[in-house]
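Participant: Predicted model and sequence follow; I will ask about them next.
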Amino acid sequence: MIIYLLPVSSNRAERLYEDMNITGVMGLIEAQKTTLKALEVIEIKSFGRE
C-alpha cells in the first residue's frame, strides 16, 4: 500500500492584489479599476480631486 502525504495548506487562494493601493494611478479605464477593486484593491478618494 502506498500512502501519499500532501503538504498542509490553507483553503484560501493567494491574493496578489489584496490591499494594493491604487490611489492616484493614472491611465486606468473604469473597467480596469472595477476589476482591481473586485480583487480587493483599495482606492482612497481625496477631497477636491476627481
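Facilitator: Yep, it's here.

Participant: so where is this structure shaky, pLDDT-wise?
Facilitator: 3-13, 46-50 (pLDDT under 70).

Participant: let's see it at 90
Facilitator: Filtered on pLDDT under 90, the chain yields the residue ranges 1-30, 32-50.

Participant: where do the helices sit along it?
Facilitator: 30-38 (DSSP state H).

Participant: all strands for the chain, in order.
Facilitator: Taking DSSP state E as the criterion, the chain contains no strands.

Participant: which ones are touching E40?
Facilitator: R15, Y17, E18, D19 (C-beta atoms under 8 Å, 6 or more residues apart in numbering). (Glycine included, C-beta is placed from N, CA and C.)

Participant: now do 10 Å
Facilitator: Taking C-beta atoms under 10 Å, 6 or more residues apart in numbering, we find E40 in contact with R15, Y17, E18, D19, M20.

Participant: Is the fourth one in contact with K37, as I believe?
Facilitator: Put plainly, it is D19. No - if you go by C-beta atoms under 10 Å, D19 and K37 don't touch, sitting 11.9 Å apart.
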